[in-house]
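Trainee: would you be able to build a 3D model of this:
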Amino acid sequence: MSSRVTQLDVLDLDSYTTDLLIRKEVDKCMRLFSSPVILQLKPYVQTALYATLLYHTVGKYQQTVAQRLFGVIMIDTQNPNHVQRWKILCYIAAEAFGFLWSEKYDAGHPDFLSSWSKTTTVVNFIHNMARVSRLCNFLLFLNKGQFSRLLLLALGLKVCAENPGEVGDVSYTILGREILWRGFAEILVETITQFDLSKIRRYIAKGVATPTDHNDDVARLKQCCVCSEWPTQPHESNCGHVGCYYCMSVCILEGGQCPTCSSTISNIKMVGYV
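Mentor: Predicted coordinates:
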């Protein structure tokens, strides 16, 4: 397995190479044409060139341009000696689709999704969820150093040294960056654990929930107002909300404020089970 710094450098160099060879060169050529029809074809021309580049690099050598320069290669986690052809083709197809999506969606082309007005909300939701997934995978990569991209994780491909037996030069800069990334990952993981996910979940649920009848005892006894789980030894506060005995006791110890209505909890009493 190659180091985190090497994999991050590969991502940066691949992005720079794509921008230099595909986007900028096609932009120069498109300046010679003034027809709007030809200009609308630019994202598709760029995608075709990018797919061709991937076919002659990843498709033949299992390496991108940057991976070739850094001496790393993509291998299959299930069979390190052979990468199945369908995985390589899926990688090229997903990369080409992602490139076209970034050129059309992220670039804000006015014609994109214009005919899909009813599905625009769904597409935006999927796009945002993909961003969140990439962020989570990146945090996992900083912690474990295995899959720098979500696509590699989905296909079961990892980036390793092409010649593991060879020992390369390790400079002070590379070693310092590796230590910095490891420290950053540990600090980030430690920071994330400090967030109270139950409070965040209650806050979101409170914002999207519809008003309910608080006199419905059956509905109230099915969910703790603090942890949002089935209440253990349910107790009711003086403001009418039900929660676990432990959760309600903790609320009183922390200041006596109800997490649902922010009223002051002066006493709690036990209620029956559902």
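Trainee: just the helices in the stretch 1-150 of the chain please.
Mentor: With DSSP state H, counting those that start in this stretch as the criterion, the stretch 1-150 of the chain has helices at 4-18, 25-30, 36-40, 42-61, 65-70, 85-101, 120-144, 150-155.
Trainee: any idea which of the ones you listed gets closest to Gln233?
Mentor: helix 120-144 (35.1 Å; CB to CB). Placement of C-beta: from N, CA and C, glycine included.
Trainee: average pLDDT for that closest one?
Mentor: The average pLDDT for helix 120-144 rounds to 84.
Trainee: and it, how far from the chain's centre?
Mentor: Distance, stretch centre to chain centre, for helix 120-144: 2 Å (CA atoms, centre = their mean, to the nearest Å).
Trainee: can we start the residue count at 33 from this point?
Mentor: All set: I'll call the first residue 33, so the last point we hit is now helix 152-176.
Trainee: tally of neighbours for the spatially closest residue to Phe131 that is not a sequence neighbour?
Mentor: Closest residue to Phe131 apart from its sequence neighbours, by CB to CB, 6 or more residues apart in numbering: Tyr82 at 5.0 Å. Neighbourhood size, Tyr82 [other CB atoms under 10 Å]: 22.
Trainee: what of Arg63?
Mentor: 9.
Trainee: hmm, back to that, pick out the shakiest of the helices of the stretch 33-182 of the chain, pLDDT-wise.
Mentor: Among those, helix 68-72 carries the lowest mean pLDDT (a mean of 79).
Trainee: from Phe131, how far off is Leu86?
Mentor: For Leu86, the distance to Phe131 equals 9 Å [CB to CB, to the nearest Å].
Trainee: and for Ile158?
Mentor: For Ile158 relative to Phe131 (CB to CB), the value is 17 Å.
Trainee: more neighbours: the two, which one.
Mentor: Phe131 (20 against 11).
Trainee: picking up where we left off before, could you dump the helices of the stretch 33-182 of the chain into TSV with distance to Glu261 added?
Mentor: Below are the helices of the stretch 33-182 of the chain laid out as TSV (distance: least, CB to CB, whole Å):
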stretch	distance to Glu261
helix 36-50	37
helix 57-62	54
helix 68-72	53
helix 74-93	46
helix 97-102	46
helix 117-133	38
helix 152-176	23
helix 182-187	30
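Trainee: close enough to count as contact, the residue nearest to Phe131 and Phe129?
Mentor: No. Counting by CB atoms under 8 Å, Tyr82 does not reach Phe129; the two are 10.5 Å apart.
Trainee: before we move on, the earlier item: Ser298 is nearest to which of the helices of the stretch 33-182 of the chain?
Mentor: Between the helices of the stretch 33-182 of the chain, helix 152-176 lies closest to Ser298; by CB to CB that is 40.9 Å.
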